[in-house]
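> Generate coordinates for the sequence data below:
(chains A and B)
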Amino acid sequence: GQQLNQSPQSMFIQEGEDVSMNCTSSSIFNTWLWYKQDPGEGPVLLIALYKAGELTSNGRLTAQFGITRKDSFLNISASIPSDVGIYFCAGQGRAGGTSYGKLTFGQGTILTVHP
Amino acid sequence: EAQVTQNPRYLITVTGKKLTVTCSQNMNHEYMSWYRQDPGLGLRQIYYSMNVEVTDKGDVPEGYKVSRKEKRNFPLILESPSPNQTSLYFCASSLFNRLTYNSPLHFGNGTRLTVT
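Numbers count the residues shown, from 1 in each chain, chains lettered A, B, ... in the order given. Sure, this is the predicted structure:
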């Protein structure tokens, strides 16, 4: 099946620092999504990207859909302690395709923010 | 309150004893899906359903069954659980379909399953 490689696997940063993580794929996706998971809970959607080259912001978060449709990055600016959690990228197939309902997730980036 | 409800939250069972994890959503969502989460592997899709009576395999369907007899429920069935199915399981739903492709997934709070 399709594989997503997410890096880094973990990050330890000081409060106030910027964070960057990315995902690459061997396959093309039509939609890239970024989720955050807090301990003991299910993932929550942060940002959704629908067009190649698209750059989208949500508060201190910025994400881009790579021009090749095979990669995406997420940046968090001025990190705060509540940013702690696991961040997942996810790719989704094209509309009308046989894999349209399949959602493939990256391995996750564990973020730790020291006050 | 709009939510996806999974039961049970924790389950310890023995190899070969059939079990069902229930999932219910109250948002009238057409799309529902099951994932398992394992350290270092992220979330892997087991099965998904685009609508009632329509189900499809995800990336890791072996050893699992699902059914979608009604819109709100999407149970996950393990006919003969094995230790390698010990994992954290998440159910999710969405308005997502071919027209509303930008609808996000709403996840339940997870079921931690241990098979001994």
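> contacts and neighbour counts: CA atoms only from here.
Noted.
> Tell me who's in contact with residue A:85.
Residue A:85 makes contact with A:36, A:37, A:38, A:39, A:110, A:111, A:112, according to Cα atoms under 8 Å, 6 or more residues apart in numbering or on different chains.
> contacting residues around the residue of chain A found nearest chain B?
Residue of chain A nearest chain B, by Cα to the nearest Cα: residue A:107 (3.8 Å). Contact analysis of residue A:107 by Cα under 8 Å, 6+ apart lists A:4, A:5, A:6, A:9, A:88, B:40, B:41, B:42, B:43.
> okay, now residue B:62: neighbour count?
Per other Cα atoms under 10 Å in any protein chain shown, the neighbour tally for residue B:62 reads 12.
> what helix or strand is it on?
Here residue B:62, judged by DSSP states H and E, is contained in no helix and no strand.
> how close does it get to chain A?
14 Å (Cα to the nearest Cα, to the nearest Å).
> Report pLDDT for that residue.
We have a pLDDT of 97 for residue B:62.
> Quick check: it vs residue B:80, distance?
Residue B:62 sits 11 Å away from residue B:80, taking Cα to Cα, to the nearest Å as the criterion.
> related to what we said a few turns ago, from residue B:91, how far out is the residue of chain A closest to chain B?
Residue A:107 sits 18 Å away from residue B:91, going by Cα to Cα.
> thinking again about what came up before, quick check, nearest of the contacts of residue A:107 to residue A:58?
Ranked by distance to residue A:58 (Cα to Cα), the contacts of residue A:107 are led by residue A:88 at 15.9 Å.
> buried residues in stretch A:17-26?
Along stretch A:17-26, these residues count as buried under the neighbour rule (16 or more other Cα atoms under 10 Å in any protein chain shown): A:19, A:21, A:22, A:23, A:24, A:25.
> So the second one: helix, strand or coil?
The local conformation at residue A:21, judged by DSSP: H, G, I helix; E, B strand; the rest coil, is strand.
> could you show me where the strands are in chain A, in order?
A:4-7, A:10-14, A:19-25, A:31-37, A:44-49, A:55-58, A:61-65, A:71-76, A:85-92, A:103-105, A:109-114 (DSSP state E).
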